[in-house]
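Participant: quick check, what structure comes out for this input:
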Amino acid sequence: MTVIYKNILIDGLPKTGKKELARKLSERLHYTLISDIQSIPTHLLDFFYRDIERNALLTELSFLIQRYKQLNTIMVSDLYRPNRSIFTFSIEKSKIYATYTLNDQELVVFEKIYEMLSTPIPINYDLIVFLYSSPKNILKKIKENPKNGEERISLEYIEGLLKVYYNHYSKIRGIPLIFFEIQNINKGFDDETLDSIVNFMDNVRPGINLYNPPHP
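Facilitator: So this is what the prediction gives:
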């Protein structure tokens, strides 16, 4: 890769392979991998999926606070030892989910806390890769290997969340966003696919870029 991006964000809905792609790209490009939250209790998501309407505010605030702590630590360490990094999450992810799961009154509370925590974190992403799979395919993968209560997720929930993601990323300006449809990948993120996407990264433009993985 000839274009140097300081911070790359790999994003997408559950079961789209964000962590796998981020890990393999970080190894290939010699970037630091910043993976999603490790310190959230595993029972919290089970608690959330049992009754989303009732438990959404507590869950979203818990994730927001943990993401803030993690990113704040990274930001401070980066002042002394600048790294090129690949992230599997952003603090904006909390806002995306909260916009979808919270009612109007809860969202007012969330946004006040979000503004206080997100403003001091100037981590900017130079490139975003959004992994897409159809809601039906995501639900199928969830049912095959459910974790932390995910088996309670409905197709309607996934469809609604995907719309919120689309709305969020449709407003992105000034940086390249790669839209990567992973359903067309039969061999996973193998060397051929990694070579292809790394080459594609060299030629992206600000705004949405549609990436078609190589076919067997």
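Participant: pLDDT of whichever helix in the chain runs longest, averaged?
Facilitator: Identified as the longest helix of the chain according to DSSP state H is helix 52-80. Averaging pLDDT along helix 52-80 yields 83.
Participant: mind listing what's buried along it?
Facilitator: Buried residues in helix 52-80, counted by 16 or more other C-beta atoms under 10 Å: 52, 55-57, 59-64, 66-68, 70-71, 74. C-beta: built from backbone N, CA, C; applies to glycine.
Participant: and that helix, what does it pack against?
Facilitator: helix 42-50, helix 92-101, helix 104-118 (3 or more C-beta pairs under 8 Å, 6 or more residues apart in numbering; DSSP states H and E).
Participant: pick the one among the buried residues of helix 52-80 closest to Glu92.
Facilitator: Comparing the buried residues of helix 52-80 against Glu92 with C-beta to C-beta picks out Arg67 as the nearest, at 9.4 Å.
Participant: residues contacting that closest one?
Facilitator: Residues in contact with Arg67 (C-beta atoms under 8 Å, 6 or more residues apart in numbering) are 37, 89-91, 93-94.
Participant: what do you get for Lys19?
Facilitator: Lys19 neighbours (C-beta under 8 Å, 6+ apart): 35-36, 88.
Participant: show me what counts as buried in the helix or strand harbouring it.
Facilitator: Per DSSP states H and E, Lys19 falls inside helix 18-29. By neighbour count on 16+ other C-beta under 10 Å, the buried set for helix 18-29 is 18, 21-26, 29.
Participant: pLDDT value on Met1, please?
Facilitator: 64.
Participant: can you check Ser118 too?
Facilitator: 81.
Participant: apart from its neighbours in sequence, what residue is nearest it?
Facilitator: Ile91 (5.0 Å; C-beta to C-beta, 6 or more residues apart in numbering).
Participant: check Tyr97 too.
Facilitator: Nearest one to Tyr97, counting by C-beta to C-beta, 6+ apart, is Glu60 at 6.0 Å.
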